[in-house]
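Q: Sequence and predicted structure, then a few things I'm wondering about:
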There are 2 protein chains.
Amino acid sequence: MLSRKASDHDQQATRRMESPYASHASAVARILKTFIPQDYGLHPLFLLQNFTQMKGCGCKVPRPILLNLLKAFGNIPTMSHDEVGIGLDSCVVPTRHPGLKLVQTTDFFYPLVDDPYIMGRITAANVLSDLYAMGVSECDNMLMLLGVCNDFNDVERDVIVKEFIKGFKDAAAQAGTEVRGGQTVKCPWLLLGGVATSVCTDREILKVDRAKPGDVLILTKPLGGQVSVNSYEWLQTNNGRVKELHLDPKKILRAAQQAMEQMCRLNRNAAILARKYRAHACTDVTGFGILGHADNLARVQRNNVQFVIDSLPVIEYTEEIARAMNGNGFNLFGGTSAETSGGLLLALPEERAEDFRAELESVDGFPTFLIGRVVEAEPGKPNNAEINHRYTVVPVPSQIHSSAIVINQ
Amino acid sequence: MLSRKASDHDQQATRRMESPYASHASAVARILKTFIPQDYGLHPLFLLQNFTQMKGCGCKVPRPILLNLLKAFGNIPTMSHDEVGIGLDSCVVPTRHPGLKLVQTTDFFYPLVDDPYIMGRITAANVLSDLYAMGVSECDNMLMLLGVCNDFNDVERDVIVKEFIKGFKDAAAQAGTEVRGGQTVKCPWLLLGGVATSVCTDREILKVDRAKPGDVLILTKPLGGQVSVNSYEWLQTNNGRVKELHLDPKKILRAAQQAMEQMCRLNRNAAILARKYRAHACTDVTGFGILGHADNLARVQRNNVQFVIDSLPVIEYTEEIARAMNGNGFNLFGGTSAETSGGLLLALPEERAEDFRAELESVDGFPTFLIGRVVEAEPGKPNNAEINHRYTVVPVPSQIHSSAIVINQ
């Protein structure tokens, strides 16, 4: 690998320089400008998503197949009650130094939006999110993983890789960390990913297996990412589906921009506040959708609990798109539609949940959602999550298109 | 990511259980048995290397292009004399905990031999080698990166992924560490990689920028990896080149097995002894070949030095193959032929070099090589490495085919 070494001094300098709020505002400005390939010397029809056949966290190997393959390790996450509570979204490793744990995660996937800079920010935010899902808010180092698509010509390669790196680096800086190494290979598809690592004390890690009946479930970003980025791609490739489904191109663009904003948004403040308000359970919502991740989280709880999802907050217009498709496109209403860099899902006692939400909405400048509750599992039944059959769908309007509202993060 | 959490207890248990010597001997036994696809329910013509068009560390983006792309970071490895000596092969990051550094590396590439189990061992050994090149011998955690080839049928997927995981895991255990997380996606090619991380004190990190005129250059594994694995693939695919070049199939197989053994061999003992004998400079030899890596290492030295390579130890029969090709196949004699999980290249004072070599040969059971010397750079010329125009090629016979010799590692 090629790598660099940072002195303590330049690390501190970075932390001083970057305002997370200004950083996020600049990402939003870029999203609203839209990506014009010609501005970068690319062909007008250049589309980043063409350099893969799978998008974002939707490229995961299906969970049952994956679990079967991982049996080769001999020791799958045991989730015994002694160990659980750490290890759901990142691995937590004792170091040779008393009191210190190594918390580490990696993720890689393929482009799902057109702007390589925004893809860089999304990729970094998505990797970091696995630390944040453990309540770990301080990342000590990031590595960048990059497979450069063989089909790129030289100009494409230079533009895409450089813009991607800028976005990845800016997101790392926003998170108060730096990218100090990585690996770059040639690949048939454009492959994007990273590694995030924290060396931290036990106090910095949230116990995520303490949900109790009576807790409420909070989600920090609306759903519908997969619906919005896919419909945006139909629009960009002019493939006829937008007309066929009688969709409104302007609303599709708006939904895609709303999705891009929230995929760039770090879950870092949510992690800090999850610790401050002593959340009982926490995970982040990505490839398996809200129901998949809620179910995973429910299963590792110490208490006999069921997570019941009563309401599905969705990016505005994604409900209409999903209904137009086949009544339930991407199974959005079944809760398995993939998110990339989705929000945190938390269980909190009701009284602390309102304070958590108020403070997070105040520091990030975006709404959060009360989506369900923790109930006692039926006797003899394993912990699980389900969507209430009388669920409601709640469209969440864009904050970045209504100029009256101030974006904080 | 899916991850697991290890208690201190099970980490210690692993360290007790695994004998590195027995572990390496079992890899060697597997290599000598050769991989028979039918034994695993695969088609007789199944060949792992068909699931990529690039092999091992040969898939790296060419260095000049890479350095240009990385300019987007704004801060390429500066190699100022204050910082250098750490950060050549892994990144070294100050943590928030006094006296502790995070040393971290990642690598991923494509299959280059036919046995998925051996590929797992090679992949892990290759990732770990970047820590070992810094003198860091204790890895605290590994992550596994896997792109599962879309072209696999279900049987192929299950066999290949499971055998790969076993090999990767066994190599990690041999290194005294464990694999506790990773990411698995679908990919057009079979993509194999990992992340290795150590949390360590400054004392555990070798200063690698102290080479002095008068030092000798030691290499711990012979060259010729690319030549041997490629000619072995000609043999396996029956593509006519073996006949055309009048090569001996038996000798090709033997060379490939010798290459596989050394790619599986950890550079860990070499790292421990590099610290013990206070090596002045150290790196590992991978995709850029012996000359490329010697040159990189020379450039970061504090003193004005040139690394002169007088002798090229090569896996037996690779000299003949390279000569048969075009007189210098893969530029083996020019020093840029790629290695995967190659040896360490070290600069040591002459008096300590012999002790280093004797002890490493004794603990690993394989020969090491005095390949050159450090001289003063010509005034006004930047540090570099070169191959003496009167170089000699030294064929290194296989140790694993002559039963009289005991394999130690």
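A: Good, I have the coordinates.

Q: what bits of chain A have low per-residue confidence?
A: Chain A contains residues with pLDDT under 70 at A:1-18, A:57-58, A:75-87, A:403-409.

Q: distance of the residue of the stretch 201-350 of chain A found nearest chain B from A:K101?
A: Residue nearest to chain B within the stretch 201-350 of chain A (Cβ to the nearest Cβ): A:T201, separated by 8.4 Å. Using the backbone N, CA and C atoms, a C-beta is placed for each residue, glycine as well. Noted for A:T201: a distance of 7 Å to A:K101, by Cβ to Cβ, to the nearest Å.

Q: before we move on, back to that, identify the bridge partners of the residue of the stretch 201-350 of chain A closest to chain B.
A: Beta-bridge partners for A:T201, by DSSP bridges, are A:L100.

Q: on that earlier part again, between A:T201 and A:K101, who's got more neighbours?
A: Set A:T201 next to A:K101 and count neighbours by other Cβ atoms under 10 Å in any protein chain shown: A:K101 wins out with 22 against 11.

Q: Contact partners for the more buried one?
A: A:86, A:92-95, A:199-202, A:205 (Cβ atoms under 8 Å, 6 or more residues apart in numbering or on different chains).

Q: What subset of those is buried?
A: A:86, A:92-95, A:199-200, A:205 (16 or more other Cβ atoms under 10 Å in any protein chain shown).

Q: related to what we said a few turns ago, in strands only, show me the contacts of A:K101.
A: A:92-94, A:199-201 (DSSP state E).

Q: Any chance of a markdown table for those residues, columns distance to A:V155?
A: A markdown table is the format used below for the ones in strands among the contacts of A:K101 (distance: Cβ to Cβ, whole Å):
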| residue | distance to A:V155 |
| --- | --- |
| A:V92 | 44 |
| A:V93 | 43 |
| A:P94 | 48 |
| A:V199 | 41 |
| A:C200 | 43 |
| A:T201 | 48 |
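
Q: Return the member of these nearest to B:A281.
A: Distance to B:A281 across the ones in strands among the contacts of A:K101 (Cβ to Cβ) is lowest for A:V199, with 27.9 Å.

Q: Is it correct that the closest one is in contact with A:G99?
A: No. Contact criterion Cβ atoms under 8 Å: A:V199 and A:G99 do not qualify, at 10.7 Å.

Q: give me the number of residues near A:T34?
A: 11.

Q: ok, now how distant is it from A:I118?
A: 10 Å.

Q: List the residues that contact the residue most central in space within chain A.
A: Among the residues of chain A, the one closest to the centroid is A:S341, at 1.4 Å (Cα atoms, centre = their mean). Remark: with contacts taken as Cβ under 8 Å, 6+ apart, A:S341 is in contact with A:122, A:125-126, A:129, A:262-265, A:286.

Q: Need phi/psi at A:L297.
A: phi -70, psi -40 (degrees, to the nearest 10).

Q: Now it: closest residue in space that isn't a chain neighbour?
A: Spatially, and ignoring its direct neighbours in sequence, A:L297 is nearest to A:T283 (4.5 Å; Cβ to Cβ, 6 or more residues apart in numbering or on different chains).

Q: helices or strands up against the helix or strand where that neighbour lies?
A: A:T283 is located in strand A:281-284, with elements delineated by DSSP states H and E. Packing partners of strand A:281-284 (3 or more Cβ pairs under 8 Å, 6 or more residues apart in numbering or on different chains; DSSP states H and E): helix A:116-132, helix A:289-299, strand A:344-348.

Q: mind redoing it with 10 Å?
A: The helices and strands touching strand A:281-284, judged by 3 or more Cβ pairs under 10 Å, 6 or more residues apart in numbering or on different chains; DSSP states H and E, are helix A:116-132, helix A:268-276, helix A:289-299, strand A:344-348.

Q: Mind listing the strands the helix or strand following the longest one pairs with, and their directions?
A: The one in question is helix A:116-132. Using DSSP H and E, the next helix or strand after helix A:116-132 towards the C-terminus is strand A:141-149. Its sheet considered, strand A:141-149 pairs with strand A:179-187 (parallel), strand A:191-201 (antiparallel) by DSSP bridges.

Q: what's the angle from strand A:141-149 to helix A:116-132?
A: Taking axes from the mean of the first three to the mean of the last three Cα atoms, to 10 degrees, one finds strand A:141-149 and helix A:116-132 inclined to each other by 140 degrees.

Q: near chain B, anything from the longest helix anywhere in chain A?
A: Longest helix of chain A, by residue count under DSSP state H: helix A:154-174. Yes. Helix A:154-174 reaches chain B (Cβ under 10 Å from any Cβ of the partner chain) through A:154, A:157-158, A:160-169.

Q: Return the set of buried residues in that helix.
A: A:156-174.

Q: check contacts around the residue of the stretch 201-350 of chain A closest to chain B.
A: A:T201 makes contact with A:99-101, B:96-97, according to Cβ atoms under 10 Å, 6 or more residues apart in numbering or on different chains.

Q: With A:N141 instead?
A: Counted by Cβ under 10 Å, 6+ apart, A:N141 has contacts A:6, A:11, A:104, A:172, A:177-181, A:195-199, B:91-95, B:102-104, B:197.

Q: Tell me the residues on the stretch 251-400 of chain A that lie near chain B, please.
A: Residues of the stretch 251-400 of chain A lying near chain B by Cβ under 10 Å from any Cβ: A:286-287, A:296.

Q: Neighbour-wise, which one of those residues leads?
A: A:T286 (26 neighbours).

Q: I'd assumed A:A125 was in contact with that residue.
A: No. A:T286 lies out of contact with A:A125 (Cβ atoms under 10 Å); the separation is 11.1 Å.

Q: quick one: A:S402 is in a strand?
A: No. Using DSSP: H, G, I helix; E, B strand; the rest coil, the secondary structure at A:S402 is coil, not a strand.

Q: Run a quick neighbour tally on it.
A: Neighbours of A:S402 (other Cβ under 10 Å): 8.

Q: what do you get for A:N326?
A: A:N326, neighbours per other Cβ under 10 Å, totals 10.

Q: quick one: contacts for the closest residue to A:L146 other than its chain neighbours?
A: Once flanking residues are discounted, A:L146 sits nearest to A:T184: 4.6 Å by Cβ to Cβ, 6+ apart. Listed by Cβ under 10 Å, 6+ apart, the contact partners of A:T184 are A:1-2, A:144-148, A:161, A:165, A:191, B:59-61, B:65-66, B:69-70, B:108.

Q: Kindly report the same for A:G240.
A: So A:G240 contacts A:W234 (Cβ under 10 Å, 6+ apart).

Q: what do you get for the one 3 residues further on?
A: A:K243 makes contact with A:234, A:249 under the criterion Cβ under 10 Å, 6+ apart.

Q: sorry, back to before: just the closest of the ones in strands among the contacts of A:K101 to B:V374, please.
A: Closest to B:V374 out of these is A:V199 (35.9 Å), distances taken as Cβ to Cβ.
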